[in-house]
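> Whatever this is, show me its structure:
(2 chains)
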Protein chains: 2
Amino acid sequence: MTLHIKEQGVYTAGGIVQKAEGVFDPIHGQLADAGQVRYSDHCTVFYQLPENGNGKKAAFLHGYGGSIVTWQRTPYAEGFADMFLEAGYGTYLIDQPRYGSAAKSSKDATVSARPDDLTWFTQFRLGSWPNYAEGTQMPHEEADIDQFFRLMTPSVGEFDAQLVTDTAVKALEKSGPAALITHSQGGIPGWFIAAASENVTGVIALEPGTFIMPEEECPAPYASNSAFAIPGAGIPCIPVPMAVFEQLIKKPIIVYFGDYIPKETVEFPAQDHWRAVLALSHTFADCVNRHGGDAKVVYLPDEGIRGNSHFMFQEKNNREVFEHIHKWMQEKGI
Amino acid sequence: MTLHIKEQGVYTAGGIVQKAEGVFDPIHGQLADAGQVRYSDHCTVFYQLPENGNGKKAAFLHGYGGSIVTWQRTPYAEGFADMFLEAGYGTYLIDQPRYGSAAKSSKDATVSARPDDLTWFTQFRLGSWPNYAEGTQMPHEEADIDQFFRLMTPSVGEFDAQLVTDTAVKALEKSGPAALITHSQGGIPGWFIAAASENVTGVIALEPGTFIMPEEECPAPYASNSAFAIPGAGIPCIPVPMAVFEQLIKKPIIVYFGDYIPKETVEFPAQDHWRAVLALSHTFADCVNRHGGDAKVVYLPDEGIRGNSHFMFQEKNNREVFEHIHKWMQEKGI
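Predicted coordinates:
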C-alpha cells in the first residue's frame, strides 16, 4: 500500500485564553506573572488529505487513555485510519483537550503514576490477566502487550465532555463535512458533537461509553456488576432536551461492539459492564428509530466476526472491521 | 507537493515496567493495587517512509514545550519534516518521555496551568511582547499567535536528559541509521544520544540548550543576564568523560542559530541568553575540531538569512533553512 498524501498537518481548535493582571515586562519580568497569557483547553488535530480521494472525510475521536495514536499503525496492528485514507477519505485524528499534544489545560492537573494498566486490560475485555480471551484477535506476544500499554496516554486534567464537544465542533468547522468515528469515552461527547455540528454526516460509535436520549424516554440506569457502575444504580444514559436529540438523529448512526459480551448478568465486572452498555445501545437505537432516525447496533459475533475486544480497530482482523464500517458508510453516502 | 508514503505509523521505545505486590484479581480487584503493572517512561515515535526515497533517514527531537507537532505543518507554517520526506528521507518524529503521546510517566506529576506563554515568547526571541521583532519571519496575525501558543505542550513530569537519551537510543535501534535533528532543550540529550548510538549519522542542532565538552576542557559557565542562567554563574556547558566526547565527534555536527542575537552583552535577558549560548557554541565547535571532529556553527544572518527566531523551522522562510541544512547533509553524505 502506498498512501498518496496531498497535504498533511496539524491544527488546534477551540479553547480559551487566560490573562493575568498587569503588564508583561520582558526585560525585568520575564518569569513574573504580570500580564501573562495562557492559551489552553483546545483540541489538536492531525489531518491527512489523499490525492484523488473520494471527496469525503472522516474524523476520529479517541477514548479514555487514548490519543491520536489510537487510530494509527502500531508494531502490532495495521493503521485503522490508514484504511480510510486508502479508501479515499481525508482523515482527521483528534487529540481531546487535556490529552496528548493537546495537554495544555486551563487547570492545574495531577497525573498519578499509580500502576493501573490491568484495570484497563480487564475493562477492555482483553481477557483475564495474564490470560487473553480465548480466540482473541489482539496480538499478544510480550512485545505487543508492551506497545499496547505504552500507547495509552494519561488524561492531563479532568475529562470535560462539554469542552471536548465545543472544541471538536470547532475542529469540524475547519475540516468541513465528515463522518464522526468515536471510541469508548469519546463516544459520549460524540453524540453531542453530532447534535451540535452541521458538519457531522453520520456517527460510527465503537463501544461508546453511553448514549443520549430525550429526557422523557431516558431509562433509569441499567443494573450492572461493573466496577464503573454508579453504586446502587448501574450504567446510566444521559437525558437531553428533545431538541438536542432531534439534531442528533438527523444523521445515520451505527454502533459497534466486539466479542465476549454475555447476554445475561455475570459476576465478572468488566463483562457485565459491557452487557449493560450493549443492552442500553438497543434501547437507544429503538428510541432513535421510533423518532424517525436511522440507528443500528452491530454485535460483531452476530456478523461472524469473532474474537474482538473493546479495541476491535487495533486487532488482527481490523481490516474486516473497517470493511464492515465502510460498506455502511457507502450505503449511507457518507 | 504530494507525499508518497510507503508506510507510516507509531511505536514506543524504551521505558520501564512498574509492578505492584500481590496478584491481580480481575473479578474482585479490578480497581485494586494488587498485582498491577504500569508501562511508562518510554518515548513515542511517529514515522513516515517515502516510496522511492533516498535510502536515508532523519530523526527529530523537540525541545521544552514541544512535541512531534513542532516539526509538522501548521496553519501558519509549512511542515519542516515534510520537506525531508519530500527530499526522500524517512522521518522519525520523537515525543520525549513525559510529553505528548509519551506522557505516561513513572512518577506522579503536577502540571501547572499558571499563565506563562509570554515567558517563552520572550525566551524564543519572537520579540518584545506585544511587538514582534522587526523583520520577523514568524507569521504573527492573531490566528497565527493562537496556533503557536496552543501547539506548545506541557511536560508531564520532570525533564530527565538520561531518560530521553536512553529511550531515543532505543528508538533509533528500530529506525536504523539516521541524522539527528534536535531543537533547544532536546539538543542536550541530543549530544548524549549521538555519542551513545551507532545509528546517529550526524547531528543538526537547532539552537541547542547547551553543549558537552571533555571534563578538562569544559569552560566555566559563561556570564549572562539570562533569566535562566545559574545565579552568579551563567550558562554552563556539560563536562563529560573524554570517551563520551570521542564517540560524539565521530559524527559530523552542525549548529544553527536564528537572528536577533547580539555580539556584546545586553540587558534584555532573553537576547543575552542566546548571546552566551552562541559564544559557547563556538567554543564547542573549536573543541570538536581540535580533537579531529567536524563541527560548524551557522549564525543564519551571516548567510544572508534574516528574521528568524528560536523557531526558525516554523517560519516563513523555513524552506530556505531546510535547503541550507539539506545541502550540508548532502555534503556529508547523510
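
> Residue A:196 - nearest residue in space that isn't next to it in sequence?
Excluding the flanking residues, the one nearest residue A:196 by CB to CB, 6 or more residues apart in numbering or on different chains is residue A:169, at 5.1 Å. The way it works is simple: take the backbone N, C-alpha and C, and place the C-beta from them, glycine included.

> Please identify the buried residues of the helix or strand hosting that neighbour?
Using DSSP states H and E, the element containing residue A:169 is helix A:161-175. The neighbour-count check on helix A:161-175 (16 or more other CB atoms under 10 Å in any protein chain shown) flags A:161, A:163-172, A:175 as buried.

> now do stretch A:241-259
Residues A:244-245, A:247-249, A:251-259 are the ones in stretch A:241-259 that count as buried (16+ other CB under 10 Å).

> Send over it as PDB, restricted to the C-alpha atoms.
C-alpha atoms of stretch A:241-259 as PDB (Å, rounded to 0.1, in the frame of the first residue of the first chain):
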ATOM      1  CA  PRO A 241     -33.700  18.000  25.700                       C
ATOM      2  CA  MET A 242     -35.700  16.700  22.700                       C
ATOM      3  CA  ALA A 243     -34.300  19.500  20.600                       C
ATOM      4  CA  VAL A 244     -30.700  18.100  21.000                       C
ATOM      5  CA  PHE A 245     -31.800  14.500  20.300                       C
ATOM      6  CA  GLU A 246     -33.600  15.700  17.200                       C
ATOM      7  CA  GLN A 247     -30.500  17.300  15.900                       C
ATOM      8  CA  LEU A 248     -28.500  14.100  16.500                       C
ATOM      9  CA  ILE A 249     -31.000  11.800  14.800                       C
ATOM     10  CA  LYS A 250     -30.800  13.700  11.500                       C
ATOM     11  CA  LYS A 251     -27.700  11.700  10.900                       C
ATOM     12  CA  PRO A 252     -27.300   8.000  10.300                       C
ATOM     13  CA  ILE A 253     -25.800   6.200  13.300                       C
ATOM     14  CA  ILE A 254     -24.200   2.800  13.700                       C
ATOM     15  CA  VAL A 255     -22.900   1.400  17.000                       C
ATOM     16  CA  TYR A 256     -20.400  -1.500  17.100                       C
ATOM     17  CA  PHE A 257     -19.500  -3.900  19.800                       C
ATOM     18  CA  GLY A 258     -16.700  -6.500  19.900                       C
ATOM     19  CA  ASP A 259     -16.900 -10.000  21.300                       C
END
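
> from the stretch 51-200 of chain A, which residue is nearest to chain B?
Residue nearest to chain B within the stretch 51-200 of chain A: residue A:73 (3.1 Å; CB to the nearest CB).

> pretty sure residue A:79 contacts residue A:72?
Yes. With contact defined as CB atoms under 8 Å, residue A:79 reaches residue A:72; the gap is 5.1 Å.

> before we move on, the earlier item: which ones among the buried residues of stretch A:241-259 map onto strands?
Judged by DSSP state E, strands contain the following of those: A:253-257.

> and the residue of the stretch 151-300 of chain A nearest chain B?
For the stretch 151-300 of chain A, CB to the nearest CB, closest residue to chain B: residue A:227, 4.5 Å.

> can you count the residues close to the residue of the stretch 51-200 of chain A closest to chain B?
Counted with other CB atoms under 10 Å in any protein chain shown, the neighbours of residue A:73 add up to 21.
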